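**Q** this is a predicted model, with the sequence first.
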Amino acid sequence: MIQKASFVVSNSNPANCPKPDRAEIAFIGRSNVGKSSLINMLVNQKGLAKTSQKPGKTQLINHFIINDKWYLVDLPGYGFAKVNVKVKSGWENMISTYLTKRENLCGVFVLIDSRLEPQKIDLEFLLWCGTEGVPTALVFTKADKQSKSKTSQNIQKFLKKSEEIFEEAPDYFITSAETGDGKEELTKFMEELVSEYQGNHF
Ligand SMILES: Nc1nc2c(ncn2[C@@H]2O[C@H](COP(=O)(O)OP(=O)(O)OP(=O)(O)O)[C@@H](O)[C@H]2O)c(=O)[nH]1
Ligand SMILES: [Mg+2]
């Protein structure tokens, strides 16, 4: 259970992130997919991670500490067309360096909008994660926005499309930051990742 969560630091340079002395889990996905909202839902604090109706809100690597024990990280989204090319390549460089170099990273949740048909940009990002050995699981967001059957149709299509990417079917979760759906399952999974990491490192 997540009992305690607080902000630690924001960085633009992955090299300045906190000492990698504990397990870390990060949230990534398209701009506006609901990363920051999901984090707030999981930790029971509305304003902990900054959210916005406009894409491009989160621009830095944000570390939060959970139960005084592990780090949870909110990242900027990818695929936000409105930022200029220079800013965009800066973010992409920051995110890719963080994801490939962060040694204590034990899980990366890639968030996918459950309302949409499979998007090329998400599949390409997952393919990149696969080739780089980034440990990913899928989180489908905004499930409150449509019927359960529509959500599961979109998820089935996405999983079908991603068969070429994953050797094994990925872990996936269905969530809503509005209703709290998926909270227990996702929290349990994060705690398992953290325990496993600790078992291997301490
Ligand atoms: N209905 C509904 N709205 C959601 C949900 N999650 C997020 N939103 C809304 O989607 C918008 C974007 O949410 P954010 O959490 O800021 O998205 P983000 O992925 O962090 O976006 P960036 O930081 O810009 O990359 C906000 O208006 C949220 O209120 C959800 O589960 N259900
Ligand atoms: Mg955000």
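**A** Nice, thanks for sending it over. Please read these numbers as outputs of a predicted model, since none were measured by experiment. Ligands and ions are numbered 1, 2, ... in the order given.
**Q** wait, does the longest strand anywhere in the chain make contact with ligand 1?
**A** When the chain is parsed with DSSP state E, its longest strand is strand 105-113. No - Strand 105-113 is not in contact with ligand 1 by CB under 6 Å from any ligand atom; minimum separation 6.6 Å. All C-beta atoms are positioned from the backbone trio N, CA, C, and that covers glycine.
**Q** tell me, what residue is most central in this protein?
**A** With distances taken as CA atoms, centre = their mean, Phe27 lies nearest the centre of the chain, 1.8 Å away.
**Q** what's the closest non-adjacent residue to Ile2?
**A** Of all residues beyond its chain neighbours, the one nearest Ile2 is Val43 (5.3 Å), with distances taken as CB to CB, 6 or more residues apart in numbering.
**Q** and Glu103, by the same measure?
**A** Once flanking residues are discounted, Glu103 sits nearest to Pro20: 5.0 Å by CB to CB, 6+ apart.
**Q** helix/strand/coil for that neighbour?
**A** Secondary structure assignment for Pro20 (DSSP: H, G, I helix; E, B strand; the rest coil): coil.
**Q** and for it, the neighbour number?
**A** Residues contacting Pro20 under the criterion other CB atoms under 10 Å number 14.
**Q** what's the angle from the helix-or-strand element of the chain with minimal mean pLDDT to strand 105-113?
**A** The weakest-scoring helix or strand in the chain, judged by mean pLDDT, DSSP states H and E, is helix 85-101 (a mean of 87). Interaxial angle of helix 85-101 relative to strand 105-113 (axes from the mean of the first three to the mean of the last three CA atoms, to 10 degrees): 140 degrees.
**Q** okay, helix 85-101 in CSV with CA atoms only?
**A** Provided in CSV are the C-alpha atoms of helix 85-101 (Å, rounded to 0.1, in the frame of the first residue of the first chain):
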residue,chain,number,x,y,z
VAL,A,85,12.1,20.9,-32.9
LYS,A,86,14.9,22.0,-30.6
VAL,A,87,12.8,21.5,-27.5
LYS,A,88,11.4,18.2,-28.8
SER,A,89,14.8,16.7,-29.5
GLY,A,90,16.0,18.0,-26.1
TRP,A,91,13.1,16.0,-24.4
GLU,A,92,13.7,13.0,-26.5
ASN,A,93,17.4,13.0,-25.7
MET,A,94,16.6,13.5,-22.0
ILE,A,95,14.0,10.7,-21.9
SER,A,96,16.1,8.2,-23.9
THR,A,97,19.2,8.8,-21.8
TYR,A,98,17.2,8.4,-18.6
LEU,A,99,15.5,5.2,-19.7
THR,A,100,18.7,3.5,-21.0
LYS,A,101,21.2,4.7,-18.3
